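Engineer: Sequence first, then the predicted structure:
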Amino acid sequence: MGVVNVTPDSFSDGGRFLDAAAAVEHGRELAAQGAAILDVGGESTRPGADPVSLEEELRRVLPVVEGLAGVARVSIDTSKTAVAAAALDAGADYVNDVTAFRGDAALAGLVAERGVDCCLMHMLGTPRTMQDDPRYDDVVADVKAFLEARMAYAVGEGVAEAQIMLDPGIGFGKTVEHNLELIRRLDEIAALGRPVVFGVSRKSFLGKLTGRELGERAVATAAANVLALERGATVFRVHDVPETLDALTVAAASLAGRWPVTSPRTTTTTT
Ligand code: HH2
């Protein structure tokens, strides 16, 4: 899953693709590099980010979703029902909600009605407050219980369980230790039986671990994604597609014990 942020303030690429044409071109490049899904977002969720109005979010994302429809699967990264509905009309077929249907009461119903896939992510608090001294009894057990509850809520609203993916929300209300514990025990999240989406790309704890600036975290990102693959993740949300794809291809071949394995660059499986 390649990240297409159409925002002035995203933590790692804010302002680079605010212009719709630049964002579409970037999405095409990520798809050519092997991204199977393009995740288009018009509101930053970085710590302390300001909310964006409905009109502004629509203005940012709609031309980009339209421009990328058919290039790859398009995911809309939003918590707003109206934005998701317009994006689905414009060609998206996946809803990525970092609030796991807590932000807008009608979003689960929309996903159910349209029969599209969705990703429910864990976050402690809100983007404004989430990094203010986050605490858990047991971060993995707490995140797992939250995801289980949100999945039950979604199913209760009519979303087919088969269309739900789950995401531990790396960096969303988590310390370095919390993120590491979630990576170490990601198999416990995968045990919920739904595909696990993993979004570690360029996040600040990688900078704390390596001393690397934002644009220099592709290797750290790939390393964390390899571990996540080994522990059951199947969707990897990244800014740096080629580096992560190479790392995952080698890791997947090693885990499978044969080469080549299926990858977006080697579209068929050969033995
Ligand atoms: N992380 C970000 C945004 N959306 N969605 C899912 N499912 N999982 C994630 O880990 C995730 C996400 C934050 O990254 P980014 O889009 O680069 O930054 P920003 O929110 O500042 O636009």
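Structural biologist: That came through fine.

Engineer: Relative to the whole chain's centre, how far out is stretch 109-121?
Structural biologist: Here the centre of stretch 109-121 is set off from its chain's centre by 15 Å, with Cα atoms, centre = their mean, to the nearest Å.

Engineer: what's next to that stretch, contact-wise?
Structural biologist: Residues outside stretch 109-121 that contact it (Cβ atoms under 8 Å, 6 or more residues apart in numbering): 75, 81, 84-85, 88, 92-101, 147, 150-151, 154, 157-160, 163-169, 172, 197, 199, 235. Where you see a C-beta, it was placed from the backbone N, CA and C, and this is true even at glycine.

Engineer: Tell me the residue of the stretch 101-250 of the chain that sits nearest the ligand?
Structural biologist: The ligand sits closest to Gly199 of the stretch 101-250 of the chain, with a gap of 2.1 Å, by Cβ to the nearest ligand atom.

Engineer: For the residue nearest to that residue when sequence neighbours are not counted, list the residues it contacts.
Structural biologist: Distances taken as Cβ to Cβ, 6 or more residues apart in numbering put Arg237 closest to Gly199, at 3.9 Å, once the chain neighbours are dropped. Neighbouring residues of Arg237 by Cβ under 8 Å, 6+ apart: Met1, Val3, Asp39, Val197, Phe198, Gly199, Ser201.

Engineer: Look up how far the ligand lies from the first one.
Structural biologist: To tie it back to what came earlier, the one meant is Met1. From Met1 over to the ligand the distance is 8 Å, taken as Cβ to the nearest ligand atom, to the nearest Å.

Engineer: Give me the three-state assignment for the residue nearest to Lys174 when sequence neighbours are not counted.
Structural biologist: Spatial nearest neighbour of Lys174, chain neighbours left out: Pro134 (5.8 Å); criterion: Cβ to Cβ, 6+ apart. Assigned by DSSP: H, G, I helix; E, B strand; the rest coil, the conformation of Pro134 is coil.
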